[in-house]
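[1] show me the folded form of this:
(one chain, ligands or ions: 1)
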Amino acid sequence: MKRALICGVSGQDGAYLAQLLLSKGYQVWGTSRDAQVSSFANLERLGIRQDVHVLSMAQSDFRSVLDTLTRSEPDEIYFLSGQTSVGLSFDQPAESIESITVGTLNLLEAVRFLNKKIRVYHASSSESFGDIKQGVGATELTPFRPRSPYGVAKASAHWLVANYREAYGLFCCNGILFNHESPLRPTRFVTRKIVSAACRIALGSPERLILGRLDISRDWGWAPEFVDAMWRMLTQDEPDDYIIATGSTHSLEEFVANVFRCLGLDHRDHVDSNAEFYRPTEILYSAANPEKANQILQWKASVSFEQMIENLVDAEKLTMSQGR
Ligand SMILES: C[C@H]1O[C@H](OP(=O)(O)OP(=O)(O)OC[C@H]2O[C@@H](n3cnc4c(=O)[nH]c(N)nc43)[C@H](O)[C@@H]2O)[C@@H](O)[C@@H](O)C1=O
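    Just a heads-up that it's a prediction; the model follows:
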């Protein structure tokens, strides 16, 4: 039985990936910073909490990383942990660099020290690209020009992975994922914030939804199908880097309008934009060309923008009706 270690198993991607790997017969280990106090609510929600062996790991502490790998003896590691909020990275820049860049370095060093045969997936990010020229989707060869501490940290972690692959022959891959959403996203991220407020408003709440810039554009995909691409990367003969995205870009205004329309409402009656939620620097336009993943991994996003929004709204309505 293959053993997988998911660093950051309590997050959205960690939970869906654990579900996928369990369905493929893996023994799944997962880390969280403090496994004794973490509620693992996402694993509970997917009904797989009891099937995952959990450990505490602080990735900025090399000893902790080494201990975790020694105890779990993985064949594959999926490194998803560390700061995930771009917005928060402006307030906690040093923590972002430490958890993402130093954390990735510690993991690569531990693999190099213990067992170079362990296959490693690293959660790289489209934030590393910064703004992308309209009409041109980023490829794996597009240069990085990040516009947030998070993006800077992810760009350097990305290059550490590429360098350890070339210098020491590690089997490590960067998945450059564009935005991917699900009901497991916390409301700190804009999609869940919008969907959950819109559903409350549809039920009669008098609140107004206050957002930052509505003119930004992103390639938003459906998270449960993105984790399959992570697994596919580690099944290839050779390690490499891949863009994972739908290939279609929409503005935040379109996203908001679609959510409210799904609920029979007009967003213009309920939504305001306020500078309180602006970031010091912003990526206005992001777009991807996922052709390499389509060709080599045989992976293609199948959930459309409209279907993703319907899924999010349906899940939120269900959660609310269950009083969660
Ligand atoms: C690929 C990348 O994807 C995610 O990062 P993100 O794109 O920053 O995600 P978000 O949902 O926080 O923001 C999306 C956009 O929406 C704008 N926006 C407007 N108004 C609000 C607002 O009220 N809240 C938030 N959060 N954003 C807002 C905001 O300024 C930004 O332009 C992470 O998974 C990250 O880990 C990752 O790697």
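[2] for the stretch 151-300 of the chain, which segments are assigned as strands?
    Using DSSP state E, counting those that start in this stretch, the strands of the stretch 151-300 of the chain run over residues 172-177, 180-181, 209-211, 217-218, 221-222, 242-244, 250-251, 271-273.
[3] determine which of those strands approaches the ligand most closely.
    strand 209-211 (3.8 Å; CB to the nearest ligand atom). In this view, the C-beta of every residue, glycine as well, is placed from N, C-alpha and C.
[4] do the closest one and the ligand meet at all?
    Yes: Strand 209-211 reaches the ligand (CB under 6 Å from any ligand atom) through Leu211.
[5] so which bits of that strand are buried?
    For strand 209-211, the neighbour count (16 or more other CB atoms under 10 Å) marks 209, 211 as buried.
[6] next: stretch 277-296.
    Here stretch 277-296 shows 282-283, 285-290, 292-293 as buried, counting by 16+ other CB under 10 Å.
[7] and what of stretch 49-64?
    Buried-residue list, stretch 49-64, by 16+ other CB under 10 Å: 49, 52, 54-55, 57-60, 62, 64.
[8] show residues contacting it.
    7, 9, 18, 22, 27-36, 38, 40, 43, 65, 67-68, 71-72, 81-82, 98-99, 102-104, 106-107, 109-110 (CB atoms under 8 Å, 6 or more residues apart in numbering).
[9] drop anything exposed from those.
    7, 9, 18, 22, 27-33, 35, 38, 40, 43, 65, 68, 72, 81-82, 98-99, 102-104, 106-107, 109-110.
[10] still on that earlier bit, filter the contacts of stretch 49-64 down to the ones near the ligand?
    Okay, of the contacts of stretch 49-64, nothing touches the ligand (CB under 6 Å from any ligand atom).
[11] just the ones of these in strands?
    7, 27-32 (DSSP state E).
[12] contact partners for His250?
    Contacts of His250 (CB under 8 Å, 6+ apart): 217-220, 305.
[13] could you dump those residues into JSON lines and include distance to Ser128?
    Putting those into JSON lines (distance: CB to CB, whole Å) gives the following:
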{"residue": "Ser217", "distance to Ser128": "17"}
{"residue": "Arg218", "distance to Ser128": "14"}
{"residue": "Asp219", "distance to Ser128": "14"}
{"residue": "Trp220", "distance to Ser128": "18"}
{"residue": "Phe305", "distance to Ser128": "23"}
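[14] report the buried members of the residues you listed.
    217-220, 305.
[15] reformat these as TSV; add pLDDT and distance to Ala123.
    As requested, those are exported to TSV (pLDDT from 0 to 100; distance: CB to CB, whole Å):
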residue	pLDDT	distance to Ala123
Ser217	97	22
Arg218	98	17
Asp219	98	16
Trp220	98	17
Phe305	98	23
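[16] closest to Ala162 among these?
    Taking CB to CB as the measure, Ala162 lies nearest Asp219 of the buried ones among the contacts of His250, at 22.5 Å.
[17] just for the stretch 101-250 of the chain, where's the confidence low?
    In the prediction, the stretch 101-250 of the chain carries no residues with pLDDT under 70.
[18] contact residues of it facing the ligand?
    Checking the stretch 101-250 of the chain against the ligand by CB under 6 Å from any ligand atom, the hits are 125-127, 178-179, 188-191, 193, 211-213, 216, 218.
[19] adding distance to the ligand, pLDDT and secondary structure, write the buried residues of stretch 49-64 out as CSV.
    What follows is the buried residues of stretch 49-64, written out as CSV (distance: CB to the nearest ligand atom, whole Å; pLDDT from 0 to 100; DSSP: H, G, I helix; E, B strand; the rest coil):
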residue, distance to the ligand, pLDDT, secondary structure
Arg49, 23, 97, helix
Val52, 22, 98, strand
Val54, 22, 98, strand
Leu55, 23, 98, strand
Met57, 19, 98, coil
Ala58, 20, 97, coil
Gln59, 16, 97, coil
Ser60, 18, 96, coil
Phe62, 24, 98, helix
Ser64, 22, 98, helix
